[in-house]
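[1] No letters, just coordinates:
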């Protein structure tokens with residue numbers, strides 16, 4: 001502690017700090033070196049009696065130079081976030097900046113380095129003008145001490161790449177004819193597409209995608225590739241072009257036979273191709289029942305059997321670049337179950353005979369009775385015959401022992417100029433032995449080959465199922481009592497008789513004896529079906545007919 005000399009009535013005492021006080025002027029003096037270090041002082045004033053009359057405490061420090069401020073500087077560079085696709089927003093990360101006071105930030109978006117009018121926000125949505133350019137953003141940081149700039153890396157802008165969304169059909173052209181024209185744009189999805197083409201001598205309008213195919217050079221299924229390109233990428237679709245010499249116009253050859261199909265048996269088909277000759281034919285229907293379709297390349301006609309049809313005409317047109325021709329056939333769709341309980345059903349069965357026509361009558365008990373000719377074969381022609389399937393009839397017969405073939409079921413039967421051809425399945429009795437036999441007859445009507453023979457127990461005056469199943473070249477046949485379970489097929493054979501024909505019940509009269517055959521039921525089932533179809537409306541089963549008579 002230092003006591004200062006007094007001047008007048010006051011005295012001064014410095015209690016802290018390196019400081020001196022002039023007692024005359026009461027001025028305090030501090031060395032410059034002490035100021036650089038910073039000081040604090042305490043001073044007490046005394047009167048003449050030595051009593052403290054006032055105290056001061058004063059702190060001194062150097063001025064803080066940081067309060068003068070610093071200019072901005074980038075601590076972390078700005079960057080862009082986005083896919084770069086047109087229409088998809090791009091977001092700016094402005095980075096991090098130093099400076100005192102904290103700087104304010106300004107943004108300016110650039111397209112290929114040039115400023116974009118009005119683009120000063122923190123986000124930017126690329127528009128059509130930005131396609132195939134590079135977008136960046138300049139960030140400017142400013143405060144009272146100055147400013148600084150930093151620019152983001154550029155982001156390439158592009159469209160969504162094109163997609164091959166369809167196909168282009170192969171082209172068939174005639175040599176020397178007008179050039180082919182193909183619109184390929186519908187096969188692609190995308191914006192601002194530019195088209196190019198390679199192969200087949202083709203050219204393309206880059207904007208519209210219209211391809212021109214010249215016909216001056218012969219070509220065999222040459223590949224033509226069309227490519228669609230935009231700023232996002234490229235994709236291609238290929239097709240084939242054939243340039244061939246002019247073909248002769250199609251010609252109708254032969255006839256297409258009419259068909260008869262069972263009702264409600266799904267869809268059936270007829271190949272119309274066999275009715276035409278020519279190259280490069282395309283097929284179309286000119287007349288057909290409802291629901292019918294045709295394969296343009298093969299001529300296969302498909303017709304549903306859900307609705308009954310009576311000899312409905314189907315007309316097919318075959319065309320190529322040189323012209324067209326037509327062929328027609330009829331299709332019938334009908335129920336295939338007949339119970340011989342009414343006189344009207346007799347009209348569904350006619351006969352082919354070698355001799356005297358048979359007697360054909362309706363029995364009151366609910367069946368039809370057939371007395372065959374005394375000599376030669378009698379073949380039935382059932383109007384509901386309908387090609388392949390499982391034919392069967394419920395029959396019984398009465399015949400003398402001299403008649404060796406009392407009953408038969410004929411299929412694929414055709415007759416021309418007194419001759420016939422087909423497949424005949426007979427019940428056969430020879431030297432007291434009973435069996436069944438399957439024969440294939442040629443067009444001579446007498447020349448035949450045996451396809452199968454099997455021993456089977458036969459019984460006259462007994463209701464018996466006789467069955468033949470046709471499946472292309474495969475024929476199956478069997479005969480068994482109505483009261484017995486259906487056995488395995490007794491004959492399975494392969495035939496070369498593939499032509500369509502009629503089916504029906506018949507017999508073979510010999511030595512003046514006429515087999516008598518009763519027919520209660522005849523039907524056509526789909527292949528593999530185990531149970532008969534229901535009787536058609538208006539038809540009577542034997543039991544129903546008996547009840548009606550009673």
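    Yep, it's here. Since this is a predicted model, take the numbers as computed values, not measurements.
[2] drop to CA atoms for contacts and neighbour counts, all remaining ones
    Noted.
[3] which regions of the stretch 351-500 of the chain sit below the pLDDT cut-off?
    374, 399-402, 444-446 (pLDDT under 70).
[4] Contacts only, for residue 140.
    Applying Cα atoms under 8 Å, 6 or more residues apart in numbering, we find residue 140 in contact with 105-107, 147-150.
[5] export those residues to JSON lines and tack on pLDDT, distance to residue 437 and neighbour count?
    Output for those, formatted as JSON lines (pLDDT from 0 to 100; distance: Cα to Cα, whole Å; neighbours: other Cα atoms under 10 Å):
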{"residue": "105", "pLDDT": "95", "distance to residue 437": "107", "neighbour count": "15"}
{"residue": "106", "pLDDT": "95", "distance to residue 437": "106", "neighbour count": "15"}
{"residue": "107", "pLDDT": "96", "distance to residue 437": "102", "neighbour count": "19"}
{"residue": "147", "pLDDT": "94", "distance to residue 437": "114", "neighbour count": "16"}
{"residue": "148", "pLDDT": "94", "distance to residue 437": "111", "neighbour count": "16"}
{"residue": "149", "pLDDT": "95", "distance to residue 437": "107", "neighbour count": "16"}
{"residue": "150", "pLDDT": "95", "distance to residue 437": "104", "neighbour count": "18"}
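[6] Grab the two from those residues that are most spread out in space.
    Largest separation among those by Cα to Cα: 107 and 147, giving 13.1 Å.
[7] ok, now how distant is residue 263 from residue 521?
    17 Å (Cα to Cα, to the nearest Å).
[8] Relative to residue 226, which of the contacts of residue 140 is nearest.
    For these, the nearest to residue 226 is residue 107 (44.3 Å; Cα to Cα).
[9] measure the closest one to residue 84 for me?
    19 Å.
[10] Same question for residue 200.
    37 Å.
[11] go on, residue 127?
    In terms of Cα to Cα, residue 127 sits 11 Å off from residue 84.
[12] Those two: which has the busier surroundings?
    residue 84 (24 against 13; other Cα atoms under 10 Å).
[13] excluding its backbone neighbours, what's nearest that one?
    residue 157 (4.6 Å; Cα to Cα, 6 or more residues apart in numbering).
[14] Which pLDDT value does the model give the spatially most central residue of the chain?
    Geometric centre of the chain, nearest residue: residue 166, 12.5 Å, by Cα atoms, centre = their mean. On the pLDDT scale, residue 166 is placed at 91.
[15] got it, and residue 529?
    On the pLDDT scale, residue 529 gets 52.
[16] for the one 5 residues further on, same thing?
    Reading off the per-residue confidence, residue 534 sits at a pLDDT of 45.
[17] Residue 540 now?
    Predicted confidence (pLDDT) for residue 540: 34.
[18] picking up where we left off before, does the residue nearest to the centre of the chain touch residue 184 like I think?
    No. In this structure, residue 166 is not within contact of residue 184 by Cα atoms under 8 Å, at 9.2 Å.
[19] and the residue nearest to residue 84, how many residues sit next to it?
    Residue 157 sits with 24 neighbouring residues when counted by other Cα under 10 Å.
[20] Please apply the same query to the one 5 residues further on.
    Residue neighbour count, defined by other Cα under 10 Å, stands at 22 for residue 162.
[21] which ones are touching it?
    188-191, 193, 228-230, 232-235.
[22] repeat that with 7 Å
    Counting by Cα atoms under 7 Å, 6 or more residues apart in numbering, residue 162 touches 188-190, 228-230, 233-235.
[23] likewise residue 500?
    Residue 500 touches 387, 412, counting by Cα under 7 Å, 6+ apart.
[24] SS state for it?
    coil (DSSP: H, G, I helix; E, B strand; the rest coil).
[25] how near is residue 492 to residue 78?
    88 Å.
[26] before we move on, what about residue 441?
    97 Å.
[27] swap in residue 275?
    79 Å.
[28] what about stretch 505-516, how long is it end to end?
    End residues of stretch 505-516 are separated by 12 Å (Cα to Cα).
[29] cool, and stretch 359-377?
    14 Å.
[30] now swap in stretch 180-198 and tell me
    15 Å.
[31] same question, stretch 110-122
    For stretch 110-122, the end-to-end distance is 13 Å (Cα to Cα).
[32] now it, how far from the centre of its chain.
    When distances are taken as Cα atoms, centre = their mean, to the nearest Å, stretch 110-122 is centred 48 Å away from the chain's centroid.
[33] For it, list every residue counted as buried.
    For stretch 110-122, a neighbour-count test (16 or more other Cα atoms under 10 Å) marks 110-112, 115, 120, 122 as buried.
[34] Also stretch 193-200?
    Buried-residue list, stretch 193-200, by 16+ other Cα under 10 Å: 193-197, 199-200.
[35] how close does the residue nearest to residue 285 when sequence neighbours are not counted sit to residue 309?
    Residue nearest to residue 285 in three dimensions, not counting chain neighbours: residue 316, with 4.7 Å by Cα to Cα, 6+ apart. Separation of residue 316 from residue 309 (Cα to Cα): 18 Å.
[36] Which one's more surrounded, those two?
    residue 316 (23 against 17).
[37] tell me the pLDDT at that one?
    If you check residue 316, the pLDDT there is 97.
[38] Show me the strands in the stretch 351-500 of the chain, by range?
    Taking DSSP state E, counting those that start in this stretch, the strands of the stretch 351-500 of the chain run over residues 359-363, 367-371, 376-382, 389-398, 407-416, 419-430, 433-441, 448-455, 464-471, 474-481, 491-494.
[39] right, and the ones you listed - which one's nearest residue 216?
    strand 464-471 (50.4 Å).
[40] contacting residues around residue 388?
    Residue 388 neighbours (Cα under 7 Å, 6+ apart): 470-471.
[41] ah, wrong one, I meant residue 294
    Counting by Cα under 7 Å, 6+ apart, residue 294 touches 284-285, 300-302.
[42] Which of the residues you listed sits closest to residue 464?
    residue 302 (36.5 Å).
[43] quick one: that closest one is in a strand?
    Yes. Assessed by three-state DSSP, residue 302 belongs to a strand.
[44] Does the residue lying closest to it once chain neighbours are set aside lie in a helix or a strand, and which?
    Excluding the flanking residues, the one nearest residue 302 by Cα to Cα, 6+ apart is residue 269, at 4.4 Å. Assessed by DSSP states H and E, residue 269 sits inside strand 267-271.
[45] hmm, back to that, specify the local secondary structure of the residue nearest to the centre of the chain.
    Under three-state DSSP, residue 166 comes out as coil.
[46] Now it: phi and psi?
    Residue 166 adopts backbone torsions of phi -150, psi -170, taken as degrees, to the nearest 10.
[47] Tell me how far it lies from residue 239.
    Residue 166 is 11 Å from residue 239, by Cα to Cα.
[48] likewise residue 391?
    Residue 391 is 49 Å from residue 239, by Cα to Cα.
[49] before we move on, what about residue 329?
    From residue 329 to residue 239 the distance is 37 Å (Cα to Cα).
[50] returning to what we had before: I'd like the next helix or strand past the helix or strand encompassing the residue nearest to residue 285.
    Counting by DSSP H and E, the element that carries residue 316 is strand 309-320. Remark: after strand 309-320, the chain's next helix or strand is strand 323-334, criterion DSSP H and E.
[51] Cheers, nothing more for now.
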